[in-house]
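Peer 1: Dropping a prediction and its sequence here:
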Amino acid sequence: MTEAERVRAVYQGRRPDRVPLMLDLSHWYKKNRNVPFDLKGFAGVEQGLVELHRQAGAVAYCEMGSFYGLESEDHEVRLEAFTEAGVFTTRIVTPLGTLQEERVFNPDSYSYGIRKYLLESPDDFQIVERLMASLSARPRWERFHAWQEALGGLAFPYAQLPYSGSGYLMARYMDVQEAVYAVLDEPEKTGRLIRAVNECNLRILDTLLDGPFETLIISDNYDSNVQTKAFFDRYVRDYYTEVARRLHERGKWLAVHVDGESRGVLGWLAECGVDCADAVTPAPMFAHTPAQMREEAGPNLILSGGIPATVFGATGSDSAFDDAVKRWLETRLASPRLLMAAGDQVPTDAPLERILRLRELVENYGKY
């Protein structure tokens, strides 16, 4: 089996010959190969990243640039994004007002930290609602096919929706403290904003549904320390359930990018019909061991992740890294719905030798 065929088997509910290996090497690649980093993403195939995935023997599934463009159908509304002097700016211009987010590039971490949030108070929500009502999507499947051809048997590209309404508010465009205040103090305004974003995303989804992708990912960066079950039930559950339903009608699958404390979240995702919890990271970074994650998720939710950044990066030892990988792979005996992946992007200080060792570890300890 090719690595992509192993991934497909897991999504289909079949047992592959061994656990598939998937990585997002884009951030590591940019930092360690001195590739300019633009938050708008790759405009085409990045051949150096393709070669790195071939060297690692790992499927590439995300960070390939967007497979669609967003356009405003309202001539009075504009969505702008540009980089200038190391500052990435997102700007929304409407007759109701203008909002601007600013993110500053840090060459040490090779990332963009938020200097100014897009949303400062619930008074700003109506501007976002006006934008969401105006947006439509134009597919760019030529990018999908180009990456697929370049990667061959290591290609399993995920299509991606923008942040859901809850992710937009809690994980991306507003300070967490201010977002919590908005939820508690202005529940009606908060509900309108979240519904506006989700309705826009469902229109985008309908535009993409017949595309060539097999799995779609929602990158909401969920964290149950902040986004409680009450929040999930009120603002998230129905949306995830509806996205999963529309995808399943087309024979496609849904992954949700967690990337935070997953305790509690895994069971909630399974109840919504989500197929895969992506970027799930076990102890010591978060509360649950791999075995506890599987117990909470049940047998059918795909767990994709398994490597704490604290042991993947340069400060972790080789033995701690190997042990973490083995513990993750052991859960295949409870359910084959398992992907060996980085909890998120591979840390930029991870030794290349450690990245390349992953293939050997899954070959030795991930077979069925």
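Peer 2: In hand now; what should we look at?

Peer 1: alpha carbons only for contacts and neighbour counts from here, please
Peer 2: OK.

Peer 1: Could you measure from the residue nearest to T348 when sequence neighbours are not counted over to R140?
Peer 2: The shortest distance from T348 to any non-neighbouring residue, by Cα to Cα, 6 or more residues apart in numbering, is to W28 (4.4 Å). For W28, the distance to R140 equals 26 Å [Cα to Cα, to the nearest Å].

Peer 1: Of those two, which one has the most company?
Peer 2: W28 (21 against 14; other Cα atoms under 10 Å).

Peer 1: hang on, that one in a strand?
Peer 2: No - using DSSP: H, G, I helix; E, B strand; the rest coil, the secondary structure at W28 is helix, not a strand.

Peer 1: list the contacts for it?
Peer 2: If you count contacts by Cα atoms under 8 Å, 6 or more residues apart in numbering, W28 has them with 345-350.

Peer 1: these two touch, right, Y163 and I217?
Peer 2: No - counting by Cα atoms under 8 Å, I217 is not a contact partner of Y163; they are 9.9 Å apart.

Peer 1: how about the strands in the protein?
Peer 2: 21-22, 68-72, 78-84, 87-94, 97-106, 111-116, 135-139, 158-161, 215-218, 253-257, 276-280, 302-307, 338-342 (DSSP state E).

Peer 1: which strands and helices sit next to the first one?
Peer 2: When contacts are defined as 3 or more Cα pairs under 8 Å, 6 or more residues apart in numbering; DSSP states H and E, strand 21-22 packs onto strand 338-342, helix 352-365.

Peer 1: Just the mean pLDDT for the first one, thanks.
Peer 2: I take that to be strand 338-342. The average pLDDT within strand 338-342 is 96.

Peer 1: In terms of secondary structure, what does it contact?
Peer 2: With contacts taken as 3+ Cα pairs under 8 Å, 6+ apart, strand 338-342 sits against helix 3-11, strand 21-22, strand 302-307.

Peer 1: ok, 6 Å please
Peer 2: The helices and strands touching strand 338-342, judged by 3 or more Cα pairs under 6 Å, 6 or more residues apart in numbering; DSSP states H and E, are strand 21-22, strand 302-307.

Peer 1: so how far is the shortest one off the chain centroid?
Peer 2: This points to strand 21-22. 15 Å (Cα atoms, centre = their mean, to the nearest Å).

Peer 1: can you list contacts of that strand?
Peer 2: Residues from elsewhere that reach strand 21-22, judged by Cα atoms under 6 Å, 6 or more residues apart in numbering: 58-59, 340-341.

Peer 1: Likewise for stretch 210-225?
Peer 2: By Cα under 6 Å, 6+ apart, the residues outside stretch 210-225 that reach it are 158-161, 163, 167, 252-261.

Peer 1: Can you point out the buried residues in it?
Peer 2: Going by neighbour count (16 or more other Cα atoms under 10 Å), the buried part of stretch 210-225 is 213-224.

Peer 1: can you list the weak-confidence ranges in the stretch 1-150 of the chain?
Peer 2: Scanning the stretch 1-150 of the chain with the threshold set as pLDDT under 70 gives no residue ranges.
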